[in-house]
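1. A predicted structure for the sequence below; I have some questions about it.
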There are 2 protein chains.
Amino acid sequence: MKQISSRFSIAVHILSLVATVPSECTGDFIAGSVNTNPVIIRKIIGLLKKAGLVEVRAGVGGTRLTKDIDQITLLDVYRAVEVIENGELFNFHNHPNPLCTVGRNIESVLRAELREAQTAMEQKLSQVSLQHLITKFE
Amino acid sequence: MKQISSRFSIAVHILSLVATVPSECTGDFIAGSVNTNPVIIRKIIGLLKKAGLVEVRAGVGGTRLTKDIDQITLLDVYRAVEVIENGELFNFHNHPNPLCTVGRNIESVLRAELREAQTAMEQKLSQVSLQHLITKFE
DNA sequence: TTCGTTAGAACTATACTGGTTACAACCGGT
DNA sequence: ACCGGTTGTAACCAGTATAGTTCTAACGAA
């Protein structure tokens, strides 16, 4: 199966850098720490900007957080970067046969359970702030 | 982002059918209820068989559960069908720069948190048995 | 104005998904 | 022993997401 894109871990990396090294935080510098192409970084910063997590000064360079580091959670980052259709982690097969008891019921019954599982995961993410992460660095 | 494959929901559908309509449960019949191609069904049944959840009688047709329906959970099905490399839901960017504090620490710190989030989700899945699902059908 | 930077379009290679066709192997019933 | 329905796979396809590259335009401070 496809894992959740590394965009997420890169985004967290970017925000951690911006939080701990606010000066010198150009796309190229970040790309050097993440060890990837600057364009990848710019794309992800674009998503973070769209989500209102960072401000970017075009031209002169530099990215700033728009919130305190204890106000940004992993869930914020996840939502900013993992743009899933209507936010559903689990996919469903389409149009099961309505003439069959299982086909008629499976979607609504299963979807409710999977929604709970997804929510459990997201709640865990919402409990971890950027601050929490950064203080664990050595 | 890529959602978790509909293989999962199809697998649950298959098992629900096998549990509720044990006779007549050929690949073609199941495909008719799921509304897809029989080969898709056979492939997924192959995964379920590999995981020890079902027995299949080749040639004459028919699939049987190997456990009671209250002994099969959504997590069992998920694990059987969503074959992720070493079971990690979240992907990581490779080789962050070890010369940078963030690059050096991000992976281990973040991975621990994401592992917890994943575990929270899987635990929810493990609390839902096939029996639980089936009794909700109308 | 110039230079480093951000913004983003366009393109590539790779891989997964869901699906199809085709064919071999299986096995109970006649 | 054959037949017919079934399972088990291989091979292939179109569509799409990922991660990455190259290139160009626009921005803005010195």
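-> Nice, I can see it. On a predicted model such as this, the values are computed, not experimentally measured, just so you know.
2. remind me, longest helix of chain A?
-> Longest among the helix segments of chain A by residue count, using DSSP state H, is helix A:101-126.
3. list the buried ones in the helix or strand just after that one?
-> For helix A:101-126, the following helix or strand on the C-terminal side (DSSP states H and E) is helix A:130-134. Of the residues in helix A:130-134, A:Leu130, A:Leu133, A:Ile134 count as buried by neighbour count, 16 or more other C-beta atoms under 10 Å in any protein chain shown. (C-beta placed from N, C-alpha, C; glycine too.)
4. Serialize those residues to JSON lines and add fields for pLDDT and distance to B:Lys43.
-> Supplementary listing: the buried residues of helix A:130-134 in JSON lines, determined by pLDDT from 0 to 100; distance: C-beta to C-beta, whole Å:
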{"residue": "A:Leu130", "pLDDT": "98", "distance to B:Lys43": "42"}
{"residue": "A:Leu133", "pLDDT": "97", "distance to B:Lys43": "40"}
{"residue": "A:Ile134", "pLDDT": "96", "distance to B:Lys43": "45"}
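5. could I get those as CSV with distance to DNA strand C?
-> Written out in CSV, the entries for those read as follows (distance: C-beta to the nearest atom of the strand, whole Å):
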residue, distance to DNA strand C
A:Leu130, 19
A:Leu133, 22
A:Ile134, 21
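6. is the longest helix of chain A positioned near DNA strand C?
-> No. With C-beta under 7 Å from any atom of the strand as the measure, helix A:101-126 is seen stopping short of DNA strand C, the closest distance being 13.9 Å.
7. can you list the helices and strands that that helix packs against?
-> On a contact count with 3 or more C-beta pairs under 8 Å, 6 or more residues apart in numbering or on different chains; DSSP states H and E, helix A:101-126 meets helix A:74-81, helix B:7-20, helix B:27-34, helix B:74-81, helix B:101-126, helix B:130-134.
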